[in-house]
Structure formats: C-alpha cells, structure tokens
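K.L.:
requesting a structural model of the entry that follows:
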Amino acid sequence: MKPLRKAVLPVAGLGTRFLPATKAMAKEMLPVVDKPLIQYAVEEARAAGIDQFCLVTGRGKTAIVEHFDIAYELEATLRARGKEDEIARLRASQPPPGAIVTVRQQEPLGLGHAIWCARAFVGDDPFAILLPDDLVLAEKPCMQQLAEAHAATGGCIVAVTEVPREQTNRYGILDVGEDDGRMVEVRGLVEKPKPEVAPSNLSIIGRYVLTAEVMGHLARQERGAGGEVQLTDAMAKLIGHVPFHGLRYEGRRFDCGDKIGFLEAQIAFALKRPEMAPAVCAFLARYTAETVCA
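P.N.:
Below is the predicted model:
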C-alpha cells in the first residue's frame, strides 16, 4: 500500500456568506486568532506526514499562494527591528520549496469538479482532502487520526460525526454497516438526504482519504444534488470495490463557513492559548453579564 503523501485543498469558493469581508479577500485567509484558515489546514496535513499539496484555486485567490511564499521585504523589516522570533514563526509555517502546486477551477461546478481538477497531481496515489472551512480542535490532529486509520485499513476513509436528524439535508450521510463505536463500515453514501429518508445521522465532515480510482468516476462529470458534480456520488461508486470506512474522530469541529461557527472557533482556539485564556475568560464574563440572551 502506497503511503499517504498528497493532499488536495479546494479553495476556489467565493465565500459569499462572509461578504463584504470576502469581497477582495479569500475566505480561506480569514484568521482564527492569528492564523488564516488555510494555514491550519496545511499544518494539520503536515502533522499527518503529508508533504505534497495541491491548492485548487479560482480568480482572486493569489493571496493564498503568496501566504506560503517568502516575504523578503517583511522579513528584512522585522530583522532590522530585532524581531527574530516573528521571522522564525513565519518560516515555520512555510512548506519547503516545491511542496505546493496550484491548479485553477475555472467554473464553480461543485466539490467533485474541484477535486477532479487535481487529477494530474494525484496520479495513481492515495490522497487526502481537507476543506479549510472545517476547522477541528483536537489533541491529535484530525487528519493524523485518519492517516493512522488508513494505514491499518487501506482503501477510503472519511471523518464522520453525528448530526441532528433534522439537519441531514445539509450533509453527506453514511449508510452504516458494522460499527465498533469508532470505526464504521460504509455501505452507502447519500448527499443531503431529507431527514425522513436519511439512512443514518452520521455525517461526513471536510476530511477524507481517498484512492485515485475516484477520479475515473469524477471524470464523467455527472451532476447530482444542486446540479453540481458531487464528490459524495463519486465516492459512493467505490463502495464494494475498495475498503471504505468512516472514522468517528476525536475532537471538536467548527464550521467556519458559517458566521456563528467562525466566531465560536475564535473563542475556542483563543481559550487554548495560555497567554490569552485569562483575558478571554474575563471579557466573556463581562459580556455575558451585560447581555440578556433570550
């Protein structure tokens, strides 16, 4: 079994739910505390042993690529001011030369289409997918948990969590076979089913490890829910041909494509910082004391 070395990060979305902030700024560059969402995703993948990255971009996304480049003028200014610690932090977030490539998704035809755009990068290798909108706070990074499970099972594996049944029409939902409480056998996948017909309430979040065979199904460009090329539909066609599992990951997921989820992530990640937690607790106590929540 080939090792997991590659990751695809689809970052071509418009971020319309965060307008006007995302009018001239990629949503993946929105910061949680002091790091943009895209950096959290790349660092999570690197913690799993992944060292090759493909960013599937769109128009107006050049800042994402530049974020991982060397900022010579900035570093020169910092060095002149004796801020060596800041330079070290910048360099630590920068993958080695040649580790990041980009491809362009010219049309917004869905997540499946975005992943298909990375087909030349993937080749015949297993690969990870990380959606930067999904931010996971965990002792062991979520993708590292998936990579370790993949090393044991092979095939495809997706991170899953339980959602309220009335919300199944927002997610890709698993049809579950054997279930040991953490790892579940996937018998089927349904994209955004209505609650009354959903096979379970186990939802896929934005973390996947897939085999290259999925590209053959995506190449057909078949339209699914919302008239888009759905990754879930292509994955479903792999079931029965390769091992396919869902992993109940350990950690807490924040939907940073949603304003409330994004604000909650700010607080949760700030509270994990010892130098910030006391001040955050203090202002939270002040605001909650002053505000009457219905």
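K.L.:
all helices for this protein, in order.
P.N.:
37-47, 62-67, 72-80, 84-92, 111-116, 119-122, 142-153, 214-218, 231-236, 259-271, 277-290 (DSSP state H).
K.L.:
looking at those, which is closest to residue 99?
P.N.:
Of all those, it is helix 37-47 that lies closest to residue 99, at 9.0 Å by Cβ to Cβ. Using the backbone N, CA and C atoms, a C-beta is placed for each residue, glycine as well.
K.L.:
which secondary structure elements does the closest one contact?
P.N.:
On a contact count with 3 or more Cβ pairs under 8 Å, 6 or more residues apart in numbering; DSSP states H and E, helix 37-47 meets strand 6-10, helix 62-67, strand 127-130, strand 134-137, helix 142-153.
K.L.:
thinking again about what came up before, could I get the helices of the chain as JSON lines with mean pLDDT and mean neighbour count?
P.N.:
Below are the helices of the chain laid out as JSON lines (pLDDT from 0 to 100; neighbours: other Cβ atoms under 10 Å):
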{"stretch": "helix 37-47", "mean pLDDT": "96", "mean neighbour count": "22"}
{"stretch": "helix 62-67", "mean pLDDT": "90", "mean neighbour count": "16"}
{"stretch": "helix 72-80", "mean pLDDT": "93", "mean neighbour count": "11"}
{"stretch": "helix 84-92", "mean pLDDT": "90", "mean neighbour count": "12"}
{"stretch": "helix 111-116", "mean pLDDT": "94", "mean neighbour count": "25"}
{"stretch": "helix 119-122", "mean pLDDT": "96", "mean neighbour count": "17"}
{"stretch": "helix 142-153", "mean pLDDT": "95", "mean neighbour count": "20"}
{"stretch": "helix 214-218", "mean pLDDT": "94", "mean neighbour count": "20"}
{"stretch": "helix 231-236", "mean pLDDT": "90", "mean neighbour count": "23"}
{"stretch": "helix 259-271", "mean pLDDT": "95", "mean neighbour count": "16"}
{"stretch": "helix 277-290", "mean pLDDT": "89", "mean neighbour count": "11"}
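K.L.:
and those as CSV, adding distance to residue 252?
P.N.:
Output for the helices of the chain, formatted as CSV (distance: least, Cβ to Cβ, whole Å):
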stretch, distance to residue 252
helix 37-47, 13
helix 62-67, 25
helix 72-80, 33
helix 84-92, 25
helix 111-116, 23
helix 119-122, 30
helix 142-153, 10
helix 214-218, 28
helix 231-236, 23
helix 259-271, 7
helix 277-290, 16
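K.L.:
among the ones you listed, which comes closest to residue 199?
P.N.:
When the helices of the chain are compared by Cβ to Cβ, helix 231-236 sits nearest residue 199, at 11.6 Å.
K.L.:
who does that closest one touch, helix- and strand-wise?
P.N.:
Judged by 3+ Cβ pairs under 8 Å, 6+ apart, helix 231-236 is in contact with helix 111-116, strand 183-191, strand 202-210, helix 214-218.
K.L.:
distance to residue 165 added to the ones you listed, as a markdown table?
P.N.:
Supplementary listing: the helices and strands packed on helix 231-236 in a markdown table, determined by distance: least, Cβ to Cβ, whole Å:
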| stretch | distance to residue 165 |
| --- | --- |
| helix 111-116 | 23 |
| strand 183-191 | 13 |
| strand 202-210 | 10 |
| helix 214-218 | 28 |
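K.L.:
residue 231: which of the ones you listed is closest?
P.N.:
helix 111-116 (4.2 Å).
K.L.:
could I get the helices and strands packed on helix 37-47 as CSV with distance to residue 84?
P.N.:
Output for these, formatted as CSV (distance: least, Cβ to Cβ, whole Å):
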stretch, distance to residue 84
strand 6-10, 30
helix 62-67, 21
strand 127-130, 31
strand 134-137, 29
helix 142-153, 30
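K.L.:
which residues touch residue 142?
P.N.:
44, 136, 159, 207, 249, 251, 253 (Cβ atoms under 8 Å, 6 or more residues apart in numbering).
K.L.:
for residue 109, same thing?
P.N.:
Contacts of residue 109 by Cβ under 8 Å, 6+ apart are 221, 228-229.
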